[in-house]
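A.B. asks: Here is the input, now give the coordinates:
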Amino acid sequence: MKRQPWTSHIFNLNIHPGWAANIMARVQDTEIRIQHYCKDLSDTQLSFQPEGGWSIKEHIGHLIDLEILHHQRIAEFAILKTELSAADMSNAQTEAANHNSKSFENLLNAFRSARNAFITEFEALPESSLQHQAMHPRLKVPMKPVDLLFFVAEHDDHHLATILALKKIV
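C.D. replies: Below you'll find the model as predicted:
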């Protein structure tokens, strides 16, 4: 079966804030999963670009690039904004970053650092922010911080599944 494109996915949100710890476990484990999936791959395998698509390194780099947006959205929840910042759907930052020139260790360390900062910022949100809803600009649905956390976990899983698929052909 052909995979559904990320931008076509419809999310079931309105998650109870008390579910955040369960979703946080997924968000925290992304680094471990990246490391596990890639540990036995050479730099050539990690940099392989199938038919013009992104390499494994570029998928990891893309996750790093989006951490800035996640941080920004957490900051927006903290100040109770009514609409969250939009993502750059062209992925210009990832396209320009030349992630294939970076070592796997540097990419993993950069992801770890950015993700740990995101987790710390999420955990520091006051109760008023955890209950606040803001409109997601592309999905056109209201989200609470726990919904954003779920969105991040789903996005991570989307790229992790792609990494696993790439691993089979490199």
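A.B. asks: When you work out contacts or count neighbours from here on, use the C-alpha atoms and nothing else.
C.D. replies: OK.
A.B. asks: Could you pull up the mean pLDDT of the longest helix along the chain?
C.D. replies: Taking DSSP state H as the criterion, the chain has its longest helix at helix 145-169. The predicted model assigns helix 145-169 a mean pLDDT of 97.
A.B. asks: Quick one: the strands in this protein, in order.
C.D. replies: 134-136, 141-143 (DSSP state E).
A.B. asks: per-residue confidence at Pro5?
C.D. replies: For Pro5, the model assigns a pLDDT of 89.
A.B. asks: Sorry, slip of the keys, the one I care about is Met1.
C.D. replies: 88.
A.B. asks: In contact with it, which residues?
C.D. replies: Contacts for Met1 (C-alpha atoms under 8 Å, 6 or more residues apart in numbering) come out as none.
A.B. asks: what's the nearest residue to Phe118 if we skip its chain neighbours?
C.D. replies: Excluding its sequence neighbours, the residue lying closest to Phe118 (C-alpha to C-alpha, 6 or more residues apart in numbering) is His71, at 5.7 Å.
A.B. asks: Tell me how far Ala117 lies from Thr7.
C.D. replies: With distances taken as C-alpha to C-alpha, to the nearest Å, Ala117 is found 26 Å from Thr7.
A.B. asks: re earlier: closest to Asp29 out of the strands of the chain?
C.D. replies: strand 141-143 (22.7 Å; C-alpha to C-alpha).
A.B. asks: Ala117 and Thr7: which is more packed in?
C.D. replies: Ala117 (14 against 9; other C-alpha atoms under 10 Å).
A.B. asks: Could you check how far that one is from Phe77?
C.D. replies: Taken as C-alpha to C-alpha, the span from Ala117 to Phe77 is 16 Å.
A.B. asks: same check, this time on Leu149
C.D. replies: Counting by C-alpha to C-alpha, the gap from Leu149 to Phe77 is 12 Å.
A.B. asks: what does Arg112 give?
C.D. replies: Counting by C-alpha to C-alpha, the gap from Arg112 to Phe77 is 23 Å.
A.B. asks: Please identify which of the two sits among more neighbours.
C.D. replies: A side-by-side neighbour count of Arg112 and Phe77, using other C-alpha under 10 Å, places Phe77 first with 26 against 17.
A.B. asks: wait, what's in contact with that one?
C.D. replies: Here Phe77 is in contact with 129-130, 132-134, 144-145 (C-alpha under 8 Å, 6+ apart).
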